[in-house]
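*Asks:* Make a model of this:
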Amino acid sequence: MNLFPIRDCLRRVGEKKIVLIVYGAIFMCFVILGICFIKTPAIYGYHFNLCDQFVDRICYSERSVIVIFFERSAGHLLLLTLSLLAGLHIFAVSVPTVILIYRAYTLGGSLYIFFSVYRLSGALIVGVLYLPVHLLIDAVLLCAIMFSINRAPRFTFCRHDFTEILRDFIVLGVFILLICLLEAVLLLALFHPLGNII
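*Replies:* Residues are numbered from 1 along each chain as shown. The predicted structure is shown next:
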């Protein structure tokens, strides 16, 4: 069995073009809603804390880049696992869908905070690190959701179905690790001193 059927994964995503377009539209709507409702005090404070933690714990942290890489990879792989396990039942697909909507909403609010509070440094963080990595991870999670939507109606708890989930996890997991590696390289090159590599 081919352990890295990347073409097959892309083909299966392409088979759900309409669903993909709908999810893409929903994602964009919630990004816009995140920007529009940011002025509410509680929501503003929540997003400000998210951005402040990203700046302090990721961008200008004294911690090792390797530690940050493993932390970020583990978190995103957990989201990937939830998204793929949603394929066990059609109603379970709502879980990764809510996660994606939450990520879209907080993305919109965080973009507003970065540009309005952090100004030039915020624009740099967004342009070269935060936004590209966020969108790439979202694209991988969206692929996982597409697989789960396709798998859920015919899932039978047999060995073949679980093998398919494992195969998808390996392929998409590699993509996530590569994205997190890219993030770590950008952190080291642009934000962290060389001494923070270990």
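*Asks:* so what's the nearest residue to residue 183 once chain neighbours are set aside up against?
*Replies:* Leaving aside its sequence neighbours, residue 183 sits nearest to residue 133 (C-beta to C-beta, 6 or more residues apart in numbering; 4.8 Å). In short, each C-beta sits where N, CA and C put it, glycine included. Neighbouring residues of residue 133 by C-beta atoms under 8 Å, 6 or more residues apart in numbering: 179, 180, 182, 183, 186.
*Asks:* Let me see the backbone angles for residue 133.
*Replies:* Backbone geometry at residue 133, expressed as degrees, to the nearest 10, gives phi -70, psi -40.
*Asks:* Point out where this structure drops to low pLDDT.
*Replies:* 1-5, 193-198 (pLDDT under 70).
*Asks:* The helix or strand containing residue 74 - contacts with which helices or strands?
*Replies:* Here residue 74, judged by DSSP states H and E, is contained in helix 65-85. For helix 65-85, the packing partners by 3 or more C-beta pairs under 8 Å, 6 or more residues apart in numbering; DSSP states H and E come out as helix 94-117, helix 131-151, helix 159-186.
*Asks:* any idea which of the ones you listed is most buried?
*Replies:* A comparison of the helices and strands packed on helix 65-85 by mean neighbour count, using mean count of other C-beta atoms under 10 Å, puts helix 131-151 on top with a mean of 20.
*Asks:* OK, contacts around the residue nearest the centre of the chain?
*Replies:* Centroid-nearest residue in the chain, with C-alpha atoms, centre = their mean: residue 137, separated by 3.2 Å. Residue 137 makes contacts with 76, 79, 176, 179, as judged by C-beta under 8 Å, 6+ apart.
*Asks:* Residue 189 versus the second one, what's the distance?
*Replies:* What that stands for is residue 79. From residue 79 across to residue 189, the span is 26 Å (C-beta to C-beta, to the nearest Å).
*Asks:* again, but for the first one
*Replies:* In this structure, residue 76 lies at 21 Å from residue 189, with C-beta to C-beta as the measure.
*Asks:* Could you check how many residues crowd around residue 16?
*Replies:* Residue 16 has 17 neighbours, counted by other C-beta atoms under 10 Å.
*Asks:* Phi and psi next, for it.
*Replies:* With angles defined as degrees, to the nearest 10, residue 16 sits at phi -110, psi 50.
*Asks:* so who does the spatially closest residue to it that is not a sequence neighbour touch?
*Replies:* Nearest residue to residue 16 in three dimensions, chain neighbours excluded: residue 146, at 4.8 Å (C-beta to C-beta, 6+ apart). Residues in contact with residue 146 (C-beta under 8 Å, 6+ apart) are 12, 13, 16, 19, 20, 23.
*Asks:* mind running it again at 10 Å?
*Replies:* 9, 12, 13, 14, 15, 16, 17, 19, 20, 23, 83, 93 (C-beta atoms under 10 Å, 6 or more residues apart in numbering).
*Asks:* By neighbours, which of those wins?
*Replies:* residue 83 (28 neighbours).
*Asks:* Kindly confirm whether my reading is correct that that one touches residue 173.
*Replies:* No: using C-beta atoms under 10 Å, residue 83 is not in contact with residue 173, being 11.3 Å away.
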